[in-house]
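S.K.: Pasting the sequence and the predicted model now:
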Amino acid sequence: MSRLHASNLTLRRGQRTVSQGLSLSIPDGSFTVIVGPNACGKSTLLAAFARILAPSQGQVVLDGEAIQQLPSKVVARRLGLLAQSALAPEGIQVAELVARGRFPHQGWLRQWSKTDECAVEAALAATGLRDLADRAVDGLSGGQRQRVWIAMVLAQETPLLLLDEPTTFLDIAHQIELLELLAQLNRQGRTIIAVLHDLNQACRYASHLVAMKDGAVVASGVPAAVFTEQLVEEVFGLDALIIADPISGTPMLIPRGVSARAAGA
């Protein structure tokens, strides 16, 4: 059994049932990407995996134990989360916010150390933020702020990373830089679970792809097996051609226009 898995979950947002009977296992050491249309339950599932949302039924299991029964600090040392809409305290500097990623490693007997300093410095370097370390977060652009939050999660140094739409606000160059960074962390042994909207990016970087619709997992597995024209039609209602990416060889989606369908393309 994998380190992180969900068993027979019922997930609710207020009075609305988002998912029912949902089970999913995240392969250890994978770069798992969850895709699906808006409001299909992707972020809700990630919140359950991160212990932010308690299931109404079923359980999320982390390292053989129900995650809701584990102390918060224990979870935070094993699992880092980048949520969609994080808010920074007013006036906080970049380096200060990134340093908060080290809080799970602090305690009465362990205060700030050289190890913490090195972790923050490495996170700033990996996200290209060294030159902005002394800047106020609320004075940065949307893309820069997103990189600060990513750096904070990296500084946490957890074996599992959960990222909900991490490429939001980033231009295409920084999107690719981030995905390459996540791929590198994955090669170094971290398990990555990310929600992405760009299907071609998902197929290029994922080793394990999960497709969701209406709160349920429709398919999961390696992108080449999961990502088919039939699945794109079923999940997204989109008529598309799937070809091999000329660079990576992974599945690549090309939407068909109305005129192309009418012409029988």
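M.R.: Received it, and whenever you're ready, just let me know what you need.

S.K.: mind listing the strands in the stretch 151-265 of the chain by residue range?
M.R.: 160-164, 191-195, 208-213, 216-221, 240-244, 251-255 (DSSP state E, counting those that start in this stretch).

S.K.: Please tabulate the ones you listed in a markdown table, including the columns distance to residue 75.
M.R.: The C-beta positions use only the backbone N, C-alpha and C, and glycine is treated the same way. Putting those into a markdown table (distance: least, C-beta to C-beta, whole Å) gives the following:
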| stretch | distance to residue 75 |
| --- | --- |
| strand 160-164 | 10 |
| strand 191-195 | 14 |
| strand 208-213 | 22 |
| strand 216-221 | 23 |
| strand 240-244 | 38 |
| strand 251-255 | 34 |
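
S.K.: so which of those gets nearest residue 81?
M.R.: Closest to residue 81 of the strands of the stretch 151-265 of the chain is strand 160-164 (C-beta to C-beta; 4.6 Å).

S.K.: With only the CA atoms kept, save the closest one in PDB.
M.R.: The C-alpha trace of strand 160-164 is given here as PDB (Å, rounded to 0.1, in the frame of the first residue of the first chain):
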ATOM      1  CA  LEU A 160       5.300  14.500  -0.200                       C
ATOM      2  CA  LEU A 161       4.300  17.800  -2.000                       C
ATOM      3  CA  LEU A 162       0.700  18.700  -2.800                       C
ATOM      4  CA  LEU A 163       0.200  21.700  -5.200                       C
ATOM      5  CA  ASP A 164      -3.200  23.000  -6.200                       C
END
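
S.K.: Can you give the distance of that strand from its chain's centre?
M.R.: Offset of strand 160-164 from its chain centre (C-alpha atoms, centre = their mean, to the nearest Å): 4 Å.

S.K.: Neighbouring strands - and their directions - for it?
M.R.: Using DSSP bridges, strand 160-164 pairs in its sheet with strand 79-82 (parallel), strand 191-195 (parallel).

S.K.: That one: which residues count as buried?
M.R.: The neighbour-count check on strand 160-164 (16 or more other C-beta atoms under 10 Å) flags 160, 161, 162, 163, 164 as buried.

S.K.: which residues are contacting it?
M.R.: Strand 160-164 has contacts (C-beta atoms under 8 Å, 6 or more residues apart in numbering) with 3-4, 42-43, 46, 49-50, 78-84, 150, 153, 182, 185, 190-195.

S.K.: Just the buried subset of those residues, please.
M.R.: So, by 16+ other C-beta under 10 Å, the buried ones in those are 3-4, 42-43, 46, 49-50, 78-83, 150, 153, 182, 185, 190-195.

S.K.: Give the burial count for residue 168, as a bare number.
M.R.: By the measure other C-beta atoms under 10 Å, the count of residues near residue 168 is 16.

S.K.: now residue 180
M.R.: By the criterion of other C-beta under 10 Å, residue 180 has 11 neighbours.

S.K.: List the contacts of stretch 195-202.
M.R.: 33-35, 42-43, 46, 163-167, 175, 179, 209, 223, 227, 232, 245, 252-253.

S.K.: now stretch 79-97
M.R.: Contact partners of stretch 79-97, identified using C-beta under 8 Å, 6+ apart, comprise 4, 43, 46, 49-52, 62, 101, 120, 124, 129, 132-138, 140, 145, 148-154, 156, 158-166, 168.

S.K.: change it to 7 Å
M.R.: Residues outside stretch 79-97 that contact it (C-beta atoms under 7 Å, 6 or more residues apart in numbering): 43, 50, 62, 120, 124, 129, 132-138, 148-150, 152-153, 156, 158, 160-166.
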